[in-house]
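J.: next come a sequence and a model predicted from it.
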Amino acid sequence: MTALEAQAPTLTTLAVEIEQFHNKANDAMMSLVEYMVLCGERLLEARKQVEQGGWNAWVERNLTMHPKTARDYMKFAIHADVLREHRPDSRVAAKRLLQRLDLPRLNASDEHRAEAARMKKDGMTQHQIAEHFHVTPARVSQWLNPERAKMLDRRRQAQAAVAKRLLEQKQKAAAVKKGPKDLSLAYGHLRKAIEAMDRTEGANTEARRAITRAQDALYRAEDAIVEASKAS
């Protein structure tokens with residue numbers, strides 16, 4: 001046993017302190033937030049010492065609160081700064097505050113992964129664990145099974161690549177299908193421009209050359225569309 005472990009309070013001591021802070025949180029309005037935070041901190045400390053899978057039973061055996069209430073207190077300790085800033089006037093108000101605020105996600109540290117695994121063994125669902133940490137159930141799934149999360153991420157990337165190629169092919173096919181219509185319209189405008197110029201006396205030579213270049217460009221565009229159609 002290390003010196004740090006030797007100094008850690010026993011579960012019996014923690015149970016007594018948790019009950020004290022729980023009762024004070026119910027009775028004292030001025031120090032409500034601090035007592036809730038202290039209660040949550042003691043619960044987090046106790047949870048580290050309880051064997052995996054036995055947390056709910058330990059709470060029911062040693063405390064008067066429900067395991068759900070214990071989870072709320074631990075959540076208050078995790079987000080103590082938020083509670084101290086907003087000063088909710090009851091435990092219910094504090095719980096609603098954390099649900100309402102758009103809190104930043106916790107980093108997926110080893111401690112959080114271990115805590116999520118412990119909660120899962122205690123019988124909590126992924127949705128309940130996600131609510132506790134204020135993250136999505138998908139994030140909890142990643143914590144509980146990181147290798148599966150990596151596999152799913154690779155699969156999503158492969159599916160995205162396939163979807164991108166299909167979209168590009170679809171866009172190319174649409175362009176090929178639309179191309180002749182656009183060319184036909186362009187030819188129509190060009191013919192009208194030539195007819196109008198022929199009816200105009202003293203037509204500008206440079207303007208005629210510009211129309212000829214435009215006509216050549218249309219021919220090249222038409223050839224390109226034919227080649228693209230063959231390739232697809």
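T.: Looks like it came in fine.
J.: could you chop this structure up by domain?
T.: The chain breaks down into these domains under automatic domain parsing: 3-146, 162-231.
J.: these: lowest mean pLDDT?
T.: Note on these: domain 162-231 shows the lowest mean pLDDT, a mean of 66.
J.: neighbours of residue 82, just the number please.
T.: 16 (other Cβ atoms under 10 Å). (Each C-beta comes from the backbone N, C-alpha and C, glycine too.)
J.: same question but for residue 168, I mixed them up
T.: By other Cβ under 10 Å, the residues close to residue 168 number 10.
J.: cool, and residue 41?
T.: Other residues lying near residue 41 total 19 when counted by other Cβ under 10 Å.
J.: that one is in contact with residue 76, isn't it?
T.: No: with contact defined as Cβ atoms under 8 Å, residue 41 does not reach residue 76; the gap is 9.1 Å.
J.: which residues do these two both contact?
T.: Residues touching both residue 41 and residue 76 (Cβ atoms under 8 Å, 6 or more residues apart in numbering): there are none.
J.: name the residues of stretch 76-84 that come out as buried.
T.: 76, 77, 78, 79, 80, 82, 83 (16 or more other Cβ atoms under 10 Å).
J.: which two of those residues have the greatest separation?
T.: Greatest spatial distance among the buried residues of stretch 76-84 (Cβ to Cβ): 77 and 82, at 11.1 Å.
J.: specify which member of the buried residues of stretch 76-84 is nearest to residue 157.
T.: When the buried residues of stretch 76-84 are compared against residue 157 (criterion: Cβ to Cβ), the nearest one is residue 78, at 32.5 Å.
J.: and the closest one, how far from residue 13?
T.: Per Cβ to Cβ, to the nearest Å, residue 78 is found 22 Å from residue 13.
J.: go on, residue 129?
T.: From residue 129 across to residue 13, the span is 28 Å (Cβ to Cβ).
J.: comparing the two, which residue is more hemmed in?
T.: Counting neighbours by other Cβ under 10 Å for residue 129 and for residue 13 shows that residue 129 has the greater number, 25 against 12.
J.: which helix or strand contains the more buried one?
T.: According to DSSP states H and E, residue 129 maps onto helix 126-133.
J.: JSON lines for the buried residues of stretch 76-84, including distance to residue 93 and secondary structure?
T.: Listed next are these as JSON lines, based on distance: Cβ to Cβ, whole Å; DSSP: H, G, I helix; E, B strand; the rest coil:
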{"residue": "76", "distance to residue 93": "11", "secondary structure": "helix"}
{"residue": "77", "distance to residue 93": "17", "secondary structure": "helix"}
{"residue": "78", "distance to residue 93": "17", "secondary structure": "helix"}
{"residue": "79", "distance to residue 93": "14", "secondary structure": "coil"}
{"residue": "80", "distance to residue 93": "15", "secondary structure": "helix"}
{"residue": "82", "distance to residue 93": "12", "secondary structure": "helix"}
{"residue": "83", "distance to residue 93": "10", "secondary structure": "helix"}
